[in-house]
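Asks: Sequence first, then the predicted structure:
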Amino acid sequence: MRMEDVTVELGGKRVLAGIQLPVLAGEVLALVGPNGAGKSTLLAALAGDAPLKSGRIEMAGRALGDWAPDELALRRAVLLQQQSLSFPFSVLDVVRMGRAPWSNTAAAEKDDELVAAAMADTDVSKFALRKFSALSGGEKARVALARVLAQDTAVLMLDEPTAALDLRHQELVLQVARRRAESGNAVVVVLHDLNLAAGYADKVAVLEDGKLAALGTPGDVLEAELLSRVYSYAIDVMAHPATGRSIILPRR
């Protein structure tokens, strides 16, 4: 996928301006930036859920707007920030919903296998028969991720998938994203935790006031001067003594 000079306006306000961004198979692309920078809107535009004021988004060499909704559902899966269900579905039922786009296709033969794998990857197998409504916020977030993983698409789009999770499950989610990329998927993930971006992303896109402030590897992009400016707060960056990966720390 790629975005070419994309501008998005919502409610008469320009939210994204002139975004040029490649989304490549085999990579985890982290979208970072302060609140209101445009991260979730950029993800929505990539998903085909936000109208463009100008510019173009392509998937497989074809304009995103030319794909029918059912065609898109076979090619990209999207995890939104908020999850709500009106009916008392079980966890297993919710994860199985991810397979709906593949019903009446040959791929439906893999439904049980993919659902089980997605639940194992997100550590929700043990409460498969519990009602979704009875889960904690973090448990619901992991079930929602399992549903998206079960959809089994070439492009995976995750909007703040770690926001409600404890430390262990934050790492687990990014490890799943890493494995999906290594198997050939393109993964786009909105993150607030810059250390997760530094630890797991192949590329980082830093957004500032709806514009792309920087795009590159974590080592190139996550540097103190840029981050301090974008976040309007003094930030230090140092190398982890064991791994050499960047550690991002607010100055206190």
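Replies: Arrived safely, thanks for sending. Everything numeric in this text was worked out from a predicted model, so none of it was measured. Numbers count the residues shown, from 1 in each chain.
Asks: what's the neighbour count on the closest residue to residue 178 other than its chain neighbours?
Replies: Leaving out its chain neighbours, the residue that sits closest to residue 178 by CB to CB, 6 or more residues apart in numbering is residue 200, at 5.3 Å. All C-beta spots, glycine's among them, are computed from the backbone N, C-alpha and C. Using other CB atoms under 10 Å, residue 200 is surrounded by 22 other residues.
Asks: what do you get for residue 63?
Replies: 10.
Asks: Phi and psi next, for it.
Replies: phi -60, psi 140 (degrees, to the nearest 10).
Asks: ok, residue 149 touching residue 121?
Replies: Yes. Using CB atoms under 8 Å, residue 149 is in contact with residue 121, at 6.1 Å.
Asks: any common contacting residues for those two?
Replies: residue 176 (CB atoms under 8 Å, 6 or more residues apart in numbering).
Asks: Now the most centrally placed residue in the chain: phi and psi?
Replies: In the chain, the C-alpha nearest the mean C-alpha coordinate belongs to residue 158, at 2.1 Å (CA atoms, centre = their mean). Backbone torsions of residue 158, given as degrees, to the nearest 10, read phi -120, psi 120.
Asks: list the contacts for it?
Replies: Counting by CB under 8 Å, 6+ apart, residue 158 makes contact with 79, 145, 148, 173, 177, 187-190.
Asks: cool, and residue 129?
Replies: Counting by CB under 8 Å, 6+ apart, the residues that residue 129 touches are 90-92.
Asks: 10 Å instead, please
Replies: Counting by CB atoms under 10 Å, 6 or more residues apart in numbering, residue 129 makes contact with 90-93.
Asks: of all those, which two lie farthest apart?
Replies: Spatially, the most separated pair among the contacts of residue 129 is 91 and 93, at 7.3 Å (CB to CB).
Asks: which residues are in contact with both of the two?
Replies: 128-129, 131-132, 147.
Asks: The strand or helix carrying residue 96: which residues count as buried?
Replies: Using DSSP states H and E, residue 96 maps to helix 91-96. Residues 91-96 are the ones in helix 91-96 that count as buried (16 or more other CB atoms under 10 Å).
Asks: ranges for the helices of the protein?
Replies: Applying DSSP state H to the chain gives helices spanning 39-47, 69-73, 91-96, 111-121, 137-151, 167-182, 194-200, 218-221, 224-231.
Asks: on that earlier part again, which one of the buried residues of helix 91-96 is nearest to residue 52?
Replies: The closest of the buried residues of helix 91-96, once distances to residue 52 are taken by CB to CB, is residue 94, at 31.3 Å.
Asks: ok, that closest one touching residue 139?
Replies: No. Residue 94 is beyond contact range of residue 139, at 11.1 Å (criterion: CB atoms under 10 Å).
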